[in-house]
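[1] The sequence isn't on hand, but the structure is:
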């Protein structure tokens, strides 16, 4: 469903992604790990369509269409969901109102009827249980005054209502205590489905104990330098990113340099 | 490549000011210029009694001794008060319209174009409208139904004729003719406006509304509104304003006075959409220099101002409340938008005189384009005001890089039992917020309107239902093209 080829991305003339390749098929959960500054969040933002990032080379195909040609809201309507690392506050706009507007925008795009208030609330109540979210958060302004854990849970809640085809979780585990981590992971696991892909971006292996990935990729300096199964995450946890960087350096000296 | 929020909104910027058309009607206009003869001529046109003329002349003589105030944070070329015409009226048959049938059909069409149909059957249910076209009131609807309840709602000039005792008693009692430069000018040359009287114990059966339209060229509009709510009565009043697009600046210097007796409540809402001038060059637009003040005269009375100010080239306006009675309440809820080259210096004054008086100020300033938005507020708690309380909240939102927001709160407390709270914030509508909305499937336009409406929510919920929807729409139109 998602095929990224030779993706190069710059921000203010500073190249962050330097030829990234990745393929996600329906039903798969891919984890992207990597040290700080390796380009993990950039990848998430580019997938969602943030316009500060300039794609200089490469392509992203999403369900047979050129994702890079789509405006961010169209991507969302087509089924891409980004769970933000730092969810944004929108004062004065209730979480329910916001989510209803979002869901109906998505449904309209898909040619489905807009949900009325009654059906919407029924759906929302059901999904709230999934992320063990307090109902009072529904009527509070979007993310305003939410604790760090509540914000992350709210992202997963939005995801559960919008039912995306590809969910991108950008460091959803950062700032979560162990209980909140478990709740968020349970929410994600209950949304795993045959026709839904996940891209889980994380700095730590910890989250992957709860959301067990099918594939793990290590991103270093804008490129995926190693891919493997879930055991790769454990290896990284044991040896640290330094180990991989050192190994890569020795590979680079022994092998012929790849063209720039 | 996907377009940015900026680009999309810029495309919408080309939409024009929608109320900017001119109506061609035959005008009865005084030549530009201002002296005692002009004041006499206006008074004569209105067939006013001698006391009214004397009142005007006293105000005019005082005005001549005053200089225009310059303390507001607004910039404009000096106004030539001799280049303005102080009276313009659509020519009428005989003594003026007795019913809607006698109103020039062109004027009725103007109001219909603006979405204010005056024919009663088409009206919003439960809203009585007085329409002021340039200097005169052209139609007041639902008068008979209101009369049944004992409510007087009529053009000011009619009140002078029919209810001179009430006008004499209350005119200038809250905003004296000598109050300030613009109030003095208004007192000398005001031509019409609305008069409302709610008798003791009456709850006004419908919303009252006045619609102001400046049409004629080179004309100032100087209306006067006076609302008197007797003991235990209740009234909700709304005013709306538009003007044609013109290259010249036009002056609007109104005075509004409210008097609330014991246990009375007056709710006064304004949706102001005067022509703001050309967004690029700043040419034209209305100078909105208005004095609005309410007096909570009796114990437990309440006056609430709600304003949504989206138009005018320059706004200079401070709806205030004098809390004279004990246990009285004053409220000010404001949304002021400046886009293009608009400048607004607006806020309120709350003067606590009585015991246990309470005031609330919620001000939301939105600056976009090259707009400059200033909140100026004064809270005064006099020596004798025991247990007075004030809560003020002033929030500013900036859209884009070239606009400005300024806050000047003045506080003067002379009684140690007073309690004051003041909160202020400035935020920027960010690409972050817009992108967050986008990422959930909402387009830029929806995102901006959602964010701004969220910001203004506390004020919008104070507006009467029908108008809250109007205000939201107006805000969307005013802010189109604002990012960038």
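    The structure has been received and is ready for your questions. As the structure is a computational prediction, the values presented were derived from the model and not from experiment.
[2] switch to C-alpha atoms for all contacts and neighbour counts from now on
    Will do.
[3] Which secondary structure element is home to the most centrally placed residue in chain A?
    Centroid-nearest residue in chain A, with CA atoms, centre = their mean: residue A:168, separated by 1.8 Å. In this assignment (DSSP states H and E), residue A:168 forms part of strand A:166-170.
[4] Over to residue B:427?
    Residue B:427 is part of strand B:419-428 when elements are defined by DSSP H and E.
[5] where does chain B have low pLDDT?
    For chain B, applying pLDDT under 70 flags the ranges B:1-27, B:89-141, B:212-219, B:241-248, B:466-467, B:469, B:477, B:480-484.
[6] switch the cut-off to 80
    Residues of chain B meeting the criterion pLDDT under 80: B:1-31, B:87-145, B:209-221, B:240-250, B:272-285, B:312, B:430, B:464-484.
[7] tell me which parts of it are close to chain A?
    B:1-4, B:432-433, B:435-443, B:450-451, B:453-457 (CA under 8 Å from any CA of the partner chain).
[8] Which helix or strand contains residue B:435?
    Counting by DSSP H and E, residue B:435 is part of helix B:431-438.
[9] Which other helices and strands does that helix contact?
    When contacts are defined as 3 or more CA pairs under 8 Å, 6 or more residues apart in numbering or on different chains; DSSP states H and E, helix B:431-438 packs onto helix A:72-78, helix B:444-460.
[10] circling back to that earlier point, who touches the residue nearest to the centre of chain A in this structure?
    A:44, A:80-83, A:198-201 (CA atoms under 8 Å, 6 or more residues apart in numbering or on different chains).
[11] I'd like to know which of those are part of helices.
    Among those, the residues falling in helices (DSSP state H) are residue A:44.
[12] Next one: the residue nearest to the centre of chain A from chain B, what distance?
    As for residue A:168, its distance to chain B is 11 Å (criterion: CA to the nearest CA, to the nearest Å).
[13] What's opposite that residue in the beta bridge?
    When bridges are called by DSSP bridges, residue A:168 pairs up with residue A:82, residue A:199.
[14] Number of residues surrounding residue A:238?
    11 (other CA atoms under 10 Å in any protein chain shown).
[15] returning to that earlier point: let me know the pLDDT of the residue nearest to the centre of chain A.
    Looking at residue A:168, its pLDDT stands at 97.
[16] How about the one 5 residues further on?
    Residue A:173 carries a pLDDT score of 89 in this model.
[17] Also residue A:140?
    Here, the pLDDT recorded for residue A:140 equals 92.
[18] Which residues are in contact with it?
    Here residue A:140 is in contact with A:93-95 (criterion: CA under 8 Å, 6+ apart).
[19] burial measure for residue B:321, as a count.
    29.
[20] Quick check: the gap between the residue nearest to the centre of chain A and residue B:162.
    Look at residue A:168 and residue B:162: by CA to CA, to the nearest Å, they are 73 Å apart.
[21] which parts of the host helix or strand of residue A:208 are buried?
    For residue A:208, the element it lies in under DSSP H and E is helix A:206-210. Residues of helix A:206-210 classed as buried by neighbour count (16 or more other CA atoms under 10 Å in any protein chain shown): A:207-208, A:210.
[22] Contact partners for the residue nearest the centre of chain B?
    Taking CA atoms, centre = their mean, the centroid of chain B lies closest to residue B:270, which sits 4.9 Å from it. Residue B:270 makes contact with B:238-240, B:306-309, according to CA under 8 Å, 6+ apart.
[23] SS state for it?
    Here residue B:270 is recorded as strand under DSSP: H, G, I helix; E, B strand; the rest coil.
[24] Against chain A, how distant is it?
    From residue B:270 to chain A the distance is 22 Å (CA to the nearest CA).
[25] ok, what's across the strand from that residue?
    Applying DSSP bridges, one finds that residue B:270 bridges with residue B:239, residue B:307.
[26] which ones among the contacts of residue A:140 are found in helices?
    Counted as lying in helices by DSSP H, out of those, are residue A:95.
[27] Closest to residue A:74 out of the contacts of residue A:140?
    Within the contacts of residue A:140, proximity to residue A:74 (CA to CA) peaks at residue A:95, which comes in at 21.1 Å.
[28] so how many other residues sit close to the residue nearest to that closest one when sequence neighbours are not counted?
    Among residues not flanking residue A:95 along the chain, residue A:142 sits closest, at 4.6 Å (CA to CA, 6 or more residues apart in numbering or on different chains). Per other CA under 10 Å, the neighbour tally for residue A:142 reads 25.
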